[in-house]
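Q: Sequence and predicted structure below; questions after.
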Amino acid sequence: MRIRGVAQAREWGAAHPRAVDAGLALLVQAAVTMPFVVPRGPELPPATWQAYGLTTLTVLPLVWRRRAPMAVLLAVLAASALYRLAVDGPGQPLPYQGLVCLHTVAVLAPAWQRAVAGVLMLVSVPVSVWLNSRSVRELTFSLFVFGAAYVFGRLTDARQRAHAVEAERAAARERARIAREMHDILSHAVSLMVVQAEAGPVAVRKAPERAEAAFEAISATGRDAMDQLRRMLGVLRDGDGGGGRSPQPGPAELPALLDRVRAGGLDVRYETSGEVAGLPAGLAATVYRIVQEALTNTVRHARARTATVRIDRSPGLVTVLVRDDGRGPVATARPAGHGLAGIRERAAAHDGTATAGPGPGGTGFEVRAELPVPSAAEVGA
């Protein structure tokens, strides 16, 4: 809960930067007000309203620190110099305003402005210490805290850049995943519909009852594709992967998939061993997509009569095998599609492997994927 609260606070701060800067200015103002309200000895400079007004003038520019960090730093330095030279007011235990400004410059300003800010600090800090106490101890401490503010600013900038790079990589991975999902859904549905539509005119003349079944299969395939696309687009709109919609298909939906393939004329046998139904959701969806894409390739390219789909679940591993009796790998002048590459990418996403090539004895074509099954503890993590 604490981590979630921190994340929500950061999101709110990123969405309302002006409110954050105003709150920071108020916090600094509260800190610099302390020397004016605590009891003071008669030997100390008096806490006058004039001095307090100049102190507020050194804090006010912090509201615009993100818009013009270098200009705000110069304004704070000028107001602080005026406070030191024009009035003899209470001193501050820490240079809060300067620390905030230097940190902001280190995070947001370009390199040349950071260099100018460093030179200004190296000049202004010794001058301020000389005007105040001429103490080597104070000089050492001031240089340390200003150096720490600059270093933390550079570390913050590096962390933000790393987060931006990781966010872009995550977006690229998500785009690739969506592209694979879209390719698998549309390629499978369109391939089956084309095969069934091509067989329709022949069936109308020779076997009207088969033509009716073909048209029903086309309709069912189209509806299934629309349902899957609608589910995917709904998750993208919600952005949370939930929204009360159906989960991604898994091995439990394979019989319906195989029925649609059989309606196109391909005799498909389905075999399983082990507890296939208990796979984690992501791995189950990958198993379904691998079978779907492998059968799509069979329907489109193999000219096969039969195909076998086998899923074996053993401790820590699930093996997916799709084999047909078609013409096997055929050289073609057309560019290679994305189907087999997508299967390999899906397997690699689960630290698995996928191979594709001629079947046993060089007959037909075979797709084989071996996917590690994470333990219950790993799934929970």
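A: Received it, and whenever you're ready, just let me know what you need.
Q: Tell me which stretches of this protein form helices.
A: With DSSP state H applied, the chain shows helices at 2-15, 17-37, 49-59, 69-86, 96-108, 111-132, 136-206, 208-238, 254-263, 281-297, 339-349, 376-380, listed in chain order.
Q: Check which helices and strands the longest one is in contact with.
A: Based on contacts counted as 3 or more Cβ pairs under 8 Å, 6 or more residues apart in numbering; DSSP states H and E, the elements that helix 136-206 packs against are helix 96-108, helix 111-132, helix 208-238, helix 254-263, helix 281-297, helix 339-349. Every C-beta, even on glycine, is put in place using the N, C-alpha and C of the backbone.
Q: And the pLDDT at the residue most central in space within the chain?
A: Taking Cα atoms, centre = their mean, the centroid of the chain lies closest to Ala170, which sits 4.0 Å from it. At Ala170, the model reports a pLDDT of 82.
Q: what bits of the chain have low per-residue confidence?
A: By pLDDT under 70, the low-scoring segments of the chain are 1-6, 43, 196, 198-200, 202-214, 231-232, 234-247, 330-338, 376-381.
Q: which one in it is furthest away from the centre?
A: Residue of the chain lying farthest from the centroid, by Cα atoms, centre = their mean: Pro42 (60.6 Å).
Q: Among the helices and strands packed on helix 136-206, which comes closest to Arg161?
A: Closest to Arg161 of these, according to Cβ to Cβ: helix 96-108, at 10.6 Å.
Q: what packs against that closest one?
A: Identification of packing neighbours for helix 96-108 by 3+ Cβ pairs under 8 Å, 6+ apart yields helix 17-37, helix 69-86, helix 111-132, helix 136-206.
Q: Need the CA coordinates for that helix. CSV is fine.
A: Output in CSV follows, covering the C-alpha atoms of helix 96-108 (Å, rounded to 0.1, in the frame of the first residue of the first chain):
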residue,chain,number,x,y,z
TYR,A,96,17.2,26.4,1.4
GLN,A,97,16.4,28.6,-1.6
GLY,A,98,19.9,28.2,-3.2
LEU,A,99,19.9,24.4,-2.7
VAL,A,100,16.5,24.0,-4.4
CYS,A,101,17.6,26.2,-7.3
LEU,A,102,20.9,24.4,-7.8
HIS,A,103,19.2,21.0,-7.7
THR,A,104,16.6,22.2,-10.3
VAL,A,105,19.4,23.5,-12.6
ALA,A,106,21.2,20.2,-12.3
VAL,A,107,18.0,18.3,-13.3
LEU,A,108,16.5,20.6,-16.0
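Q: got the contact list for that helix?
A: Applying Cβ atoms under 8 Å, 6 or more residues apart in numbering, the contact partners of helix 96-108 are 24, 28, 31-32, 58-59, 62, 65-66, 69-70, 72-73, 76-77, 80, 113-114, 117, 121, 145-146, 149-154, 156-157, 160.
Q: ok, now stretch 36-45?
A: If you take Cβ under 8 Å, 6+ apart as the criterion, stretch 36-45 is touched by Pro46, Ala47, Ala51, Tyr52, Thr55, Asp88, Gly89, Pro90, Gly91.
Q: my read: Glu138 touches Val129, true?
A: Yes - contact between Glu138 and Val129 holds when scored by Cβ atoms under 8 Å: they sit 5.1 Å apart.
Q: The two: who's more crowded?
A: When Glu138 is set against Val129 and neighbours are counted by other Cβ atoms under 10 Å, the residue ahead is Val129, at 19 against 15.
Q: can you tell me which residues contact that one?
A: Ser135, Glu138, Leu139, Ser142.
Q: and what of Gly153?
A: Residues in contact with Gly153 (Cβ under 8 Å, 6+ apart) are Leu102, His103, Thr104, Val105, Ala106, Val107.
Q: rerun that using 7 Å as the cut-off
A: Leu102, His103, Ala106, Val107 (Cβ atoms under 7 Å, 6 or more residues apart in numbering).
Q: what do you get for Thr55?
A: By Cβ under 7 Å, 6+ apart, the residues touching Thr55 are Val32, Tyr83.
Q: returning to that earlier point: now that we have the contacts of Gly153, which one has the most neighbours?
A: Leu102 leads the contacts of Gly153 on contacts (other Cβ under 10 Å) with 28 neighbours.
Q: And for it, nearest residue in space, chain neighbours not counted?
A: Nearest residue to Leu102, sequence neighbours excluded (Cβ to Cβ, 6 or more residues apart in numbering): Ala149, at 4.8 Å.
Q: Mind checking which of the contacts of stretch 36-45 are buried?
A: Neighbour counting with 16 or more other Cβ atoms under 10 Å marks Ala47, Ala51, Tyr52, Thr55, Gly89, Pro90 as buried within the contacts of stretch 36-45.
Q: Mind telling me the two of those farthest from one another?
A: Going by Cβ to Cβ, the pair spanning the buried ones among the contacts of stretch 36-45 furthest: Ala47 and Thr55, at 9.8 Å.
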